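*Asks:* next comes the sequence, and after it the predicted model I'd like to discuss.
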Number of protein chains: 2
Amino acid sequence: MSNSNRRQFLKNTGGLALGLLGVGLTGGAISCAKSSSAETTGSSPTSSTTIAVANMPTPTILPWPYQKLDPAGVADRAYTLYNSSGCMMGAFESMVGALRDKIGAPYTSFPTAMMRYGSVGVAGWGTLCGALNGAAALSYLVMDTTRANQIINELFYWYGATSLPDYTPANPKITNLPASVANSQLCHESITNWCLKSGFKTDSAQRSERCARLTASVVRQTVDLLNQQAAGTFKAAYKMPDAVSSCLSCHGSGHALSDVHITNQTSCLSCHPGLDGSHWTTTTK
Amino acid sequence: MSNSNRRQFLKNTGGLALGLLGVGLTGGAISCAKSSSAETTGSSPTSSTTIAVANMPTPTILPWPYQKLDPAGVADRAYTLYNSSGCMMGAFESMVGALRDKIGAPYTSFPTAMMRYGSVGVAGWGTLCGALNGAAALSYLVMDTTRANQIINELFYWYGATSLPDYTPANPKITNLPASVANSQLCHESITNWCLKSGFKTDSAQRSERCARLTASVVRQTVDLLNQQAAGTFKAAYKMPDAVSSCLSCHGSGHALSDVHITNQTSCLSCHPGLDGSHWTTTTK
């Protein structure tokens, strides 16, 4: 990018003042406009101010430019990538690659292969689903914080509550692949619930194909949400289930017990099966 | 980076052949040497081959160069960053920033502010601890896959089994801050266990300080492990608890039930409290 283009880009993104003045430096050279109260209220950063690293080249200024993508085409790309690179890189690189093809720099500089770390809930640990981890990372790369958080909330609710995968490749190598509701955003729960529903084992070709298609499903949904945000047509559809808001009315931030640092969830009962609606009556008696 | 420096860098990292020949292209322009069997066995990628994106600039070739860092100094940086940028960016940017100061490019090109997405287990969802998410991402940026997986395994076991935080800032704003064993790698469990142990609420200044120090603890441990790998002195210390290997002897990949896609864990009982040693006897009777 030439100096004049860089200057225009800084101006367009509101990063010029930050870039030149280096305001808000903390612990090195980072300027970040996150609300200082965000951590204590259990929420994630909500500021939509452009984030810049002072005295750094253009690629460090966020968000990077976004252009409308084809959800189905990028999903196909994610499905193919899964087999060579895993779920997190499959999700992240499919979208970055599509933007690299359309826009070029700064997308040409991102070492997307690092995102292989998220496979199997991070290196086999079964924590966060890698497709969601990659989609969340991408959302913060190309959207301001407010819009990225809206996308993540919508995507994570949808993932936990929808029968997935809902993507079928053009030439399926396995037919009649079962779908299931994950009831969670975690790799372990998502896969185990699918194994129990489908009857297939975790080391089966069907399970691997399920995760490849799930990665494609997540990417298609993410690109659709990104396109809506870019077009200004985004509308949130999902809301917190009553069962979760009921739990957080005691355990959430600002309430009586305040020992659960979560603002969004699909289900509490998947890990706390005994704690249904009668639990508080029992514990408070 | 000049062309001659870039050529030397490619040569040093073994990326020259990949970069020029663009071997192994899949789903776009990604060359990735991940074992095709990794997904079906529940493990993460294990190849140590340099990863390259064909026809892309130097920064996309992994791993990026690493030089020994001062664990205590980088931990101080992470502690300060937490307050402005959250746990994941606090962990990731503290290490990238230290390497940027020492090495310069390619670290000058990374938009580290994107890593704010991991706060509160990703935008408030309470999934994977953001400090671990950031440390795992950094490990894949600066180490080959085999060494990065060894670091992640060591770090994640340590995190789940150690009384944390074990970091105290030079000028503590809160004294006598309690520590606790997370027994998990998840934000929600880690924080709730600390709240129950300490008696402090999740929206307290003490909880926020605990997470700032925890981020510093994770970074100090990660830098120590990175330094060991760079020096060739790395030795794994942690092993899977008997309680987990006992569970996986039926539920893990390749075994009778094979419905759990996990190769490493600190505890199964934290989410499955009723399933102790007598469970299989009960269920198989």
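*Replies:* That came through fine. Residues are numbered from 1 along each chain as shown, chains lettered A, B, ... in the order given.
*Asks:* pull the contacting residues for the residue nearest in space to the middle of chain A.
*Replies:* Residue closest to the average C-alpha location in chain A (C-alpha atoms, centre = their mean): A:Ala136, at 2.3 Å. Going by C-beta atoms under 8 Å, 6 or more residues apart in numbering or on different chains, A:Ala136 touches A:Ala148, A:Ile152, A:Leu155, B:Tyr117, B:Gly118, B:Val122, B:Ala123. (Glycine included, C-beta is placed from N, CA and C.)
*Asks:* what do you get if the cut-off is 10 Å, keeping everything else the same?
*Replies:* Contact analysis of A:Ala136 by C-beta atoms under 10 Å, 6 or more residues apart in numbering or on different chains lists A:88, A:91-92, A:128, A:148-149, A:151-152, A:155-156, A:185, A:222, B:114, B:117-118, B:122-123, B:125, B:127, B:133.
*Asks:* mind listing which of those residues are in helices?
*Replies:* Among those, the members falling in helices (DSSP state H) are A:Met88, A:Ala91, A:Phe92, A:Ala148, A:Asn149, A:Ile151, A:Ile152, A:Leu155, A:Phe156, A:Thr222, B:Asn133.
*Asks:* quick check, nearest of these to A:Gly232?
*Replies:* A:Ile151 (13.7 Å; C-beta to C-beta).
*Asks:* pull the number of nearby residues for the closest residue to A:Phe200 other than its chain neighbours.
*Replies:* Distances taken as C-beta to C-beta, 6 or more residues apart in numbering or on different chains place A:Gln206 nearest to A:Phe200, at 4.2 Å, with adjacent residues excluded. Using other C-beta atoms under 10 Å in any protein chain shown, A:Gln206 has 17 neighbouring residues.
*Asks:* same thing with A:Gly118?
*Replies:* Neighbours around A:Gly118, by other C-beta under 10 Å: 32.
*Asks:* equivalent analysis for A:Arg220, please.
*Replies:* 23.
*Asks:* try A:Lys102
*Replies:* By other C-beta under 10 Å, neighbour count at A:Lys102 equals 13.
*Asks:* from what I can see A:Ala182 touches A:Ala161, true?
*Replies:* Yes - look at A:Ala182 against A:Ala161 with C-beta atoms under 10 Å: they come within range, at 8.4 Å.
*Asks:* pick out whichever of these two has more residues nearby.
*Replies:* Taking neighbours as other C-beta under 10 Å, A:Ala182 and A:Ala161 compare with A:Ala182 leading, 25 against 15.
*Asks:* quick one: contacts for that one?
*Replies:* A:129, A:132, A:159-164, A:189-194, A:214, A:266-267, A:270.
*Asks:* at 6 Å what do you get?
*Replies:* Counting by C-beta atoms under 6 Å, 6 or more residues apart in numbering or on different chains, A:Ala182 touches A:Gly160, A:Ser190, A:Asn193.
*Asks:* what of A:Tyr167?
*Replies:* A:Ala75, A:Arg213, A:Ala216, A:Ser217.
*Asks:* please redo it, this time with the cut-off set to 10 Å
*Replies:* Counting by C-beta under 10 Å, 6+ apart, A:Tyr167 has contacts A:72, A:75-76, A:78-79, A:179, A:212-221.
*Asks:* for A:Asp76, same thing?
*Replies:* Here A:Asp76 is in contact with A:Asp70, A:Ser94, A:Tyr167, A:Pro169, A:Ala170, A:Ala216, A:Val219, A:Arg220, B:Gly27 (criterion: C-beta under 10 Å, 6+ apart).
*Asks:* just confirm the residue nearest to A:Phe200 is within a helix.
*Replies:* Yes - remark: A:Gln206 belongs to a helix, assigned using DSSP: H, G, I helix; E, B strand; the rest coil.
*Asks:* now, which of the contacts of A:Tyr167 lie within helices?
*Replies:* A:72, A:75-76, A:78-79, A:212-221.
*Asks:* for the residues you listed, which one is nearest A:Pro63?
*Replies:* Nearest to A:Pro63 among these, with distances taken as C-beta to C-beta, is A:Val219, at 18.5 Å.
*Asks:* how many neighbours does A:Val260 have?
*Replies:* Using other C-beta under 10 Å: A:Val260 sits among 23 other residues.
*Asks:* and A:Val181, what does it touch?
*Replies:* Counting by C-beta under 10 Å, 6+ apart, A:Val181 has contacts A:Tyr159, A:Gly160, A:Ala161, A:Thr162, A:Ser163, A:Leu164, A:Ser190, A:Asn193, A:Trp194, A:Lys197, A:Thr266, A:Ser267.
*Asks:* swap in 6 Å and give it another go.
*Replies:* A:Val181 touches A:Ser163, counting by C-beta under 6 Å, 6+ apart.
*Asks:* and what of the one 10 residues further on?
*Replies:* Contacts were defined as C-beta under 6 Å, 6+ apart; by that measure A:Ile191 touches B:His261.
*Asks:* hmm, back to that, among the ones in helices among the contacts of A:Ala136, which two are most distant?
*Replies:* A:Met88 and A:Asn149 (19.4 Å).
*Asks:* neighbour count winner among the two?
*Replies:* More crowded of A:Met88 and A:Asn149, by other C-beta under 10 Å: A:Met88, with 33 against 27.
*Asks:* hmm, the more buried one is touching A:Gly121, no?
*Replies:* No - here A:Met88 does not reach A:Gly121: they are 9.4 Å apart, not a contact under C-beta atoms under 6 Å.
*Asks:* what is in contact with those two at once?
*Replies:* Residues touching both A:Met88 and A:Gly121 (C-beta under 6 Å, 6+ apart): none.
*Asks:* where does chain A dip in pLDDT?
*Replies:* Applying pLDDT under 70 to chain A picks out residues A:1-59, A:276-278, A:280-285.
*Asks:* tell me where it has helices.
*Replies:* So, for chain A - with DSSP H - the helices run A:3-12, A:16-21, A:71-103, A:130-142, A:145-161, A:187-198, A:205-231, A:242-251, A:279-284.
*Asks:* winner for burial among the ones you listed?
*Replies:* helix A:130-142 (a mean of 29; mean count of other C-beta atoms under 10 Å in any protein chain shown).
*Asks:* using PDB, write out every CA atom in that one.
*Replies:* The C-alpha coordinates for helix A:130-142 follow below in PDB (Å, rounded to 0.1, in the frame of the first residue of the first chain):
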ATOM      1  CA  GLY A 130     -12.600 -24.600  16.400                       C
ATOM      2  CA  ALA A 131     -15.000 -23.400  13.700                       C
ATOM      3  CA  LEU A 132     -16.600 -21.000  16.200                       C
ATOM      4  CA  ASN A 133     -13.100 -19.900  17.400                       C
ATOM      5  CA  GLY A 134     -12.100 -19.100  13.800                       C
ATOM      6  CA  ALA A 135     -15.300 -17.300  13.000                       C
ATOM      7  CA  ALA A 136     -15.100 -15.200  16.200                       C
ATOM      8  CA  ALA A 137     -11.500 -14.300  15.400                       C
ATOM      9  CA  LEU A 138     -12.400 -13.300  11.800                       C
ATOM     10  CA  SER A 139     -15.300 -11.200  13.100                       C
ATOM     11  CA  TYR A 140     -13.000  -9.100  15.200                       C
ATOM     12  CA  LEU A 141     -10.600  -8.700  12.200                       C
ATOM     13  CA  VAL A 142     -13.200  -7.200   9.800                       C
END
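*Asks:* re earlier: which one of the contacts of A:Tyr167 sits closest to A:Ile61?
*Replies:* Closest to A:Ile61, out of all of the contacts of A:Tyr167 and judged by C-beta to C-beta, is A:Val219, at 25.1 Å.
*Asks:* please name the nearest non-neighbouring residue to the closest one.
*Replies:* A:Ala78 (4.0 Å).
*Asks:* okay but the one you found is in contact with A:Ser94, surely?
*Replies:* Yes - if you go by C-beta under 6 Å, A:Ala78 and A:Ser94 touch, sitting 3.7 Å apart.
*Asks:* overlap of the contact sets of those two?
*Replies:* A:Val219.
*Asks:* next, count neighbours for the closest residue to A:Asp203 other than its chain neighbours.
*Replies:* Excluding its sequence neighbours, the residue lying closest to A:Asp203 (C-beta to C-beta, 6+ apart) is B:Ser253, at 4.3 Å. Neighbourhood size, B:Ser253 [other C-beta under 10 Å]: 20.
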